[in-house]
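Student: When you get a sec, could you give me coordinates for this:
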Amino acid sequence: MKRRESKNNFIYFGIAIVAITFLFVLFSYEKPSRFCKNELFIISTDSLLKFNLKLNQLKDSLAKDVEHFFYDSDICDKNINFGLILSNKEVVNVSVFKECDLNLLMSNRNRFSILLNHKGQLLLDEDMTTIDSIPNKILKQFINDYSGYEKHYSPYQNLHNQSFFVNWRLLTPKDSIEKVLLKTQEGFVKIYDELANKRYSKNLCELNEKELFELKNGFDCHLVLDFFPLPPPPPPPTIIK
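Tutor: Predicted structure coming up:
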């Protein structure tokens, strides 16, 4: 009897060891990044304060949450940069600009708007599009806006930084907002890849360290969480009988 109990205990112990080993491997496994090393450098958040936010709440409440992480300092009319931790644990480099003084509103130059409603419908600079198409739309818009530069400068030299303001309505699902942020970040990577090809005739992932720093220091994209409240949608048109 004792030998049987000892044998059973040994089996249970072996099963426990296998289970613990499996769980250790499962939770220590890092999912391969969809970005190469150079792309990760472009969108890096290493030097930033990182935290998560409840995105689908009133904009005033959202602003107060950001202020809390910055030691309750007033963020009115200041550009604040941080790493936003998403539900899937990815971190996105974002900025906020809480516009309080209407005389200090940020210039519309090189400022693109991305508006999302609670139904998942999206406007990119007043053009209806889908969330999945954001990266290609951003790249296409960038190329169109700067196509005239090549007539006066070397390809894409003397560029102005780009700001993409993401705004959404109160009842917009958090997962939709986060997907928009991730897809916008993918669009930034596409822009830098376009610049790398124009300036160095290489893909972004092929640049050496010197070229990569030159590219990053000469141009920047900003993903801005727009805290300016969206106006209510217009009423449906009156039907005249």
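
Student: can you map out the strands along this protein?
Tutor: For the chain, applying DSSP state E gives strands covering 50-51, 79-85, 91-97, 111-116, 122-124, 127-129, 162-168, 221-225.

Student: count of residues packed around residue 141?
Tutor: 18 (other C-beta atoms under 10 Å). Every residue, glycine included, has its C-beta placed from N, CA and C.

Student: how many other residues sit next to residue 58?
Tutor: Around residue 58 there are 11 other residues, counting by other C-beta under 10 Å.

Student: That one reaches residue 169, doesn't it?
Tutor: No - using C-beta atoms under 8 Å, residue 58 is not in contact with residue 169, being 10.9 Å away.

Student: got the domain boundaries for this protein?
Tutor: With domains defined by automatic domain parsing, the chain comprises 1-30, 35-225.

Student: Return the set of buried residues in stretch 160-179.
Tutor: Neighbour-count burial for stretch 160-179, counted by 16 or more other C-beta atoms under 10 Å, picks out 162, 163, 164, 165, 166, 167, 168, 172, 176, 177, 178, 179.

Student: nearest to residue 99, of these?
Tutor: Nearest to residue 99 out of the buried residues of stretch 160-179 is residue 165 (C-beta to C-beta; 10.4 Å).

Student: Can you tell me how far the closest residue to the closest one other than its chain neighbours is from residue 96?
Tutor: Distances taken as C-beta to C-beta, 6 or more residues apart in numbering place residue 226 nearest to residue 165, at 4.2 Å, with adjacent residues excluded. Relative to residue 96, residue 226 is positioned 8 Å away (C-beta to C-beta, to the nearest Å).

Student: same check, this time on residue 35
Tutor: 24 Å.

Student: Mind checking which of these two has more residues around it?
Tutor: Taking other C-beta under 10 Å, residue 35 and residue 96 do not tie; residue 96 has more neighbours (21 against 16).

Student: Quick one: residues contacting that one.
Tutor: 63, 66, 75, 79, 80, 82, 224, 225, 227 (C-beta atoms under 8 Å, 6 or more residues apart in numbering).

Student: what's the answer for residue 115, then?
Tutor: 122, 123, 167, 168, 230.

Student: what do you get for residue 120?
Tutor: Applying C-beta under 8 Å, 6+ apart, the residues near residue 120 are 131, 173, 176.

Student: Would you mind putting those into TSV with distance to residue 138 alongside?
Tutor: As requested, the contacts of residue 120 are exported to TSV (distance: C-beta to C-beta, whole Å):
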residue	distance to residue 138
131	12
173	22
176	17
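
Student: Now, those that are in helices?
Tutor: Using DSSP state H, the subset of the contacts of residue 120 located in helices is residue 176.

Student: and which of the contacts of residue 120 is nearest residue 195?
Tutor: The closest of the contacts of residue 120 to residue 195 turns out to be residue 131 (C-beta to C-beta; 24.3 Å).

Student: What count of nearby residues applies to the closest one?
Tutor: 18.

Student: Please determine how far it is located from residue 178.
Tutor: On the measure of C-beta to C-beta, residue 131 and residue 178 end up 10 Å apart.

Student: and for those two, which residues touch both?
Tutor: Counting by C-beta under 8 Å, 6+ apart, no residue touches both residue 131 and residue 178.

Student: one step back: tell me the contacts of the residue nearest to residue 165?
Tutor: With C-beta under 8 Å, 6+ apart, residue 226 has these contacts: 97, 113, 165, 166, 167.

Student: Out of those residues, give me the two with the largest separation.
Tutor: Across these (C-beta to C-beta), the longest gap, 13.0 Å, separates 97 and 113.

Student: who has more neighbours, these two?
Tutor: More crowded of residue 97 and residue 113, by other C-beta under 10 Å: residue 97, with 22 against 16.
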